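Colleague: quick one: sequence plus predicted model below, questions after.
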Amino acid sequence: MSQHPVLPSTRRAVLAGSAALAAAGYAAPAEAHRGGHGDGRGHDRTRLTVLGTTDLHGNVFNWDYFKNAEFDNATHDDIGVAKVATLVSAMRNERRGEPTLLLDAGDTIQGTPLAYYYARVEPITEGSKHPMALAMNLMDYDAAALGNHEFNYGIDTLRAYEEQLNFPLLGANAVDAQTKRPVFPPYVIKSFKPRHGPRIKVGILGLTNPGIAIWDKANVEGRMEFPGLVEQASKFVPEMKRRGCDVIIVSAHSGADTSSSYGDALPTENASSLIAADVPGIDAILVGHAHKEIPQRYVRNTKTGRDVLLCEPLYWGMRLAVMDLDLVRDRGGWRVITATSQTLNSNLVAERSDVARAVRSQHDKVVTYVNSVIGTSAVALSAARAVVEDVPIIDFIQYVQADAVKTATGGTLPVLSIAAPFNRAASFPAGEVTYRDVAGLYIYDNTLLGIQVTGAQVKDYLEHSARYFKQVSGPGPFTMNQVTNAVTTKAPGGTPDYNFDSVAGLDADLTYDIDIAQAVGSRITNLAYGAVPVAADQQFAMAINNYRQSGGGGFPHVATAPVLYNAQVEIRQLLIDWVTANGTIDPAQFASTDWKLTSGGAAIVVS
């Protein structure tokens, strides 16, 4: 029986056409901004509409593969490019006869079991069609920027995906390691004939994230480099101008609020505002990567004094960006005189039937795949409190990782393992455990490495991780929100759960307290291995994921530590293979209480 999302939605009515735009929150631009659209202002003005998506992350349908149910969240957003396609069609119809572009700002081929399946189980490198390519081709995208997650499955998979697209993948700052020339098209120029006047030439510059050099080091090292976004935009925007572009749009997989998750090792991760401020000649930027909603923001260019429009349409297809650029004829060409934007909500629209139909069979196959039983759990396990206490379901990750590294290295050193609570909603039921239960615990496509570290380095690592906690004193009780996700200069929106690592031992417990009454850098106390205080020069092997080992999160020492093991094995698949081989997940085999939160050395209560 088909298990695809049922429409109409069980939560609310769904709409299409002009009703969809109204329901999505569309506000028609003021009449003063509609020159060349039958408003009697003459033939010297027109409007360019730029529609945009970003961070789709393999979502075609409004479906949560880990819950095996229609997606929902606290604000009742919907997801999936099939719904966004309805908004795109409605906007194109509303702007019929006017120049319109559809762009994406990256991260399309990773993030769901649907995307994983066609990268690893029936890979597109062996002839399968990628569901995102099928969907996005039907939507007639004009171009897409490369996201950092495009590189997760290796360059061969990325190139296979690129070959399946009817539109270019742009990456002006993805360059050959030797020649320093872009290995993807840096930009594309589109030409439109308005109702009156000369043709409009629109340049679309694509920029990706410098963090790729760290996050996917094993896939790109020695082959590609990723210089700064401002640097490459400064090079290519003048070139696009020389080629006659009247309008320049940037599609940037880089957030608007300046920050980096990897310290100062590379150019700024979230640099869209810097591009707008530092590079003259840009009219608007479609922003991606940060998973935020920015309906409309302006950044003033420091050289020209002109405002540059920024718009970011959240993620997973929850929103569609609509940017309106009003143009006036100027010395035989066109220039932008006003630019406004808004985001449309996809949660009250129907799927576009042709897009849904094109991917339905692939979706059904993956639903069957992720719901297959692979083992049993002796008891129910949950990650709900993993950010404030040592819970067995995280111990399970630690155990499987450490055991794999010990097996690969021969166990000559005592083995530790790091793990973070990626998904507080993850759980194993008592009884049958499915692929999706395990995949829901480890939602990223990280691979496993083994590195060599000292006791002093382990202490430094844990101190860095303990930045995750807010500084509070007293026994509590505290809520989880009162002690977790501390705001830092590197994480102005709060330290994410995935940057809180715990460390555990395999053959003996690694135990420690986290005293959150103390200042950052002085929180780890009573650090011991096998009940013996850890010596500064004590040697350990550490099981660690590739994101962390390559510098993600800025954790100390690990990026330069000797590598003992790196077979490019995905951790999620290791967990699945372990359950399949062993049959039963029993906490008695791996669970221990290795760490606890304290205040002034005394236990605290977190509700």
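Modeller: Yep, that arrived.
Colleague: centre of the chain to stretch 169-186, how far?
Modeller: Offset of stretch 169-186 from its chain centre (CA atoms, centre = their mean, to the nearest Å): 21 Å.
Colleague: which residues touch that stretch?
Modeller: 143-146, 150, 161-162, 168, 187-188, 204-208, 210, 212, 222-229, 231-233, 235-236, 251 (CB atoms under 8 Å, 6 or more residues apart in numbering). Bear in mind the C-beta positions are built from the backbone N, C-alpha and C, glycine included.
Colleague: show me where the stretch 251-400 of the chain has its helices.
Modeller: 272-278, 353-370, 392-409 (DSSP state H, counting those that start in this stretch).
Colleague: what comes up buried for the last one?
Modeller: Within helix 392-409, the residues scored as buried using 16 or more other CB atoms under 10 Å are 392-406, 408-409.
Colleague: equivalent analysis for the second one, please.
Modeller: Of the residues in helix 353-370, those scored as buried under the neighbour-count criterion (16+ other CB under 10 Å) are 355-356, 358-360, 362-363, 366-367, 369-370.
Colleague: ok so, going back, the contacts of stretch 169-186 in strands, which ones?
Modeller: Using DSSP state E, the members of these that fall in strands are 143-145, 187-188, 204-207, 224-225, 251.
Colleague: low-confidence ranges in the stretch 151-300 of the chain?
Modeller: The stretch 151-300 of the chain contains residues with pLDDT under 70 at 261-265.
Colleague: what sits against the closest residue to residue 129 other than its chain neighbours?
Modeller: Among residues not flanking residue 129 along the chain, residue 164 sits closest, at 6.3 Å (CB to CB, 6 or more residues apart in numbering). Counting by CB under 8 Å, 6+ apart, residue 164 touches 124, 129-130, 133, 137.
Colleague: quick one, strands of the stretch 201-350 of the chain?
Modeller: In chain order, the stretch 201-350 of the chain shows strands spanning 224-225, 247-252, 284-287, 293-300, 307-313, 319-330, 333-345, with DSSP state E, counting those that start in this stretch as the criterion.
Colleague: same check on the stretch 451-600 of the chain?
Modeller: Using DSSP E, counting those that start in this stretch, strands in the stretch 451-600 of the chain cover 502-505, 510-515, 524-529, 532-533, 539-545, 563-570, 584-585, 595-599.
Colleague: lowest-confidence stretch among the ones you listed?
Modeller: Among the strands of the stretch 451-600 of the chain, strand 563-570 has the lowest mean pLDDT, at a mean of 82.
Colleague: partners of that one in the sheet?
Modeller: strand 447-454 (antiparallel) (DSSP bridges).
Colleague: mind listing residues that contact the partner strand?
Modeller: For strand 447-454, contacts defined as CB under 8 Å, 6+ apart pick out 218, 401, 404-405, 408-409, 413, 415-416, 461, 536-546, 549, 557-558, 561-571, 574.
Colleague: how far off centre is it?
Modeller: Here the centre of strand 447-454 is set off from its chain's centre by 24 Å, with CA atoms, centre = their mean.
Colleague: give the buried residues for it.
Modeller: Under the neighbour-count criterion of 16+ other CB under 10 Å, strand 447-454 has 447-451, 453-454 buried.
Colleague: which of those residues lies closest to residue 493?
Modeller: Relative to residue 493, the closest of the buried residues of strand 447-454 is residue 447; by CB to CB it sits at 27.4 Å.
Colleague: check contacts around the closest residue to the closest one other than its chain neighbours.
Modeller: Closest residue to residue 447 apart from its sequence neighbours, by CB to CB, 6+ apart: residue 546 at 4.6 Å. The contact partners of residue 546, by CB under 8 Å, 6+ apart, come to 215-218, 446-449, 566.
Colleague: re the thing from before, and the ones in strands among the contacts of stretch 169-186, which is closest to residue 385?
Modeller: Nearest to residue 385 among those is residue 145, at 38.2 Å by CB to CB.
Colleague: my guess is the closest one meets residue 233, correct?
Modeller: No: using CB atoms under 8 Å as the test, residue 145 is too far from residue 233 to be in contact (12.0 Å).
Colleague: off-centre distance for stretch 235-242?
Modeller: Relative to the chain's own centre, stretch 235-242 is displaced by 29 Å; criterion: CA atoms, centre = their mean.
Colleague: i'd like the first residue to be 50 from this point on
Modeller: Sure, I'll start numbering at 50, so the last one becomes stretch 284-291.
Colleague: need the contact partners of that stretch.
Modeller: Here stretch 284-291 has contacts from 221, 235-236, 238, 252, 254, 297, 328-331, using CB under 8 Å, 6+ apart.
Colleague: likewise stretch 544-552?
Modeller: Applying CB under 8 Å, 6+ apart, the external contacts of stretch 544-552 come out as 310, 436, 439, 443, 447, 465-471, 473, 493, 507, 510-511, 514, 516-517, 533-537, 540, 559, 561, 591, 597, 602, 604, 643-644.
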